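[1] okay, structure incoming, though there's no sequence with it:
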Ligand SMILES: C[S@@+](CC[C@H](N)C(=O)[O-])C[C@H]1O[C@@H](n2cnc3c(N)ncnc32)[C@H](O)[C@@H]1O
């Protein structure tokens, strides 16, 4: 029997398809090479169990585990469903110890889509229960831009209108015709330029998008813990220079994939 790919599921109609096709195309790219391995897959948020069946079919040697506040009854070989909350730090280790004592290969968060809860699950599972080179997927992160949704109360509306302050626009106007070369600027121009360059860029900082931006900071960890350039001299003795715990963060419309750095 041929093993279906995640692309087959992306192309399947209604009944079997649980996730949008673009998510599955990205998952195929990232997970396709694991098809014949005895992978351990954890999904937070099971609903009626469609995705559990998809993982089971596409990874015939895999152990497929789901958790949900209100889990369905599913009685299938290699599929295990547990009732519990995604942010329960006593429950997550129990499930992980029972089914993936060596760590998960893939974790998918498709549960509450609330930044605060996703952040708790992420850091707990990422640090303690995801294998090196394992991948953690955060689905539907764009819901954090939905300012008025009944289920996603951490969302706020976002507008890309400039947030330039009066002082920044004044600095821009004053510095506009100054020479670009730093040494040629006089002291006032240097101060204005420094002020102009250190403005804060407008960005959505709420819900899952806000959390994902924190993950981007984690990618830059080696820079902001850099003893010479990243840490202010007053703190340099107390901050250790560290590499990022991630080898990559792939942000796509709908799903973000974080790959854990190798050991
Ligand atoms: C979008 S559905 C999951 C769909 C499923 N992953 C699929 O692809 O077929 C979200 C599920 O997350 C569950 N859920 C919501 N908040 C949760 C929480 N805090 N902890 C665990 N599960 C939660 C809901 O009960 C619901 O069944």
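    Received, thanks. All values derive from a computational prediction rather than experimental measurement.

[2] is it correct that residue 72 falls within a helix?
    No - under DSSP: H, G, I helix; E, B strand; the rest coil, residue 72 sits outside any helix and is assigned coil.

[3] list the residues that contact it.
    Applying C-beta atoms under 8 Å, 6 or more residues apart in numbering to residue 72 gives the contacts 46-49, 81. The way it works is simple: take the backbone N, C-alpha and C, and place the C-beta from them, glycine included.

[4] same question for the helix-or-strand element of the chain with minimal mean pLDDT: list its buried residues.
    Ranking every helix and strand in the chain by mean pLDDT, DSSP states H and E puts helix 166-175 at the bottom, with a mean of 82. Going by neighbour count (16 or more other C-beta atoms under 10 Å), the buried part of helix 166-175 is 168, 171, 175.

[5] am I right that the second one is in contact with residue 198?
    No - checked against C-beta atoms under 8 Å, the pair residue 171 and residue 198 is beyond contact range at 10.2 Å.

[6] show me which of the contacts of residue 72 neighbour the ligand.
    46-47 (C-beta under 6 Å from any ligand atom).

[7] of the contacts of residue 72, which belong to helices?
    Counting by DSSP state H, the contacts of residue 72 place none of their members in helices.

[8] out of the contacts of residue 72, who has the most neighbours?
    Within these, neighbour counts (other C-beta atoms under 10 Å) peak at residue 46, which reaches 25 neighbours.

[9] measure residue 39 to residue 197 for me?
    As judged by C-beta to C-beta, to the nearest Å, residue 39 and residue 197 stand 47 Å apart.

[10] neighbour count winner among these two?
    The residue with more neighbours, out of residue 39 and residue 197, is residue 39; 20 against 9, by other C-beta under 10 Å.

[11] how much space between that one and residue 19?
    Counting by C-beta to C-beta, the gap from residue 39 to residue 19 is 18 Å.

[12] can you check residue 154 too?
    Relative to residue 19, and taking C-beta to C-beta, residue 154 is found at 22 Å.

[13] thinking again about what came up before, residue 160: which of the buried residues of helix 166-175 is nearest?
    Nearest to residue 160 out of the buried residues of helix 166-175 is residue 168 (C-beta to C-beta; 16.5 Å).

[14] pretty sure the closest one is touching residue 201, no?
    No - using C-beta under 8 Å, residue 168 is not in contact with residue 201; the gap is 11.1 Å.

[15] just the ones of the contacts of residue 72 in strands?
    residue 81 (DSSP state E).

[16] turn the contacts of residue 72 into TSV, columns for pLDDT.
    Putting the contacts of residue 72 into TSV (pLDDT from 0 to 100) gives the following:
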residue	pLDDT
46	97
47	96
48	93
49	94
81	97
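
[17] cool, thanks, signing off.
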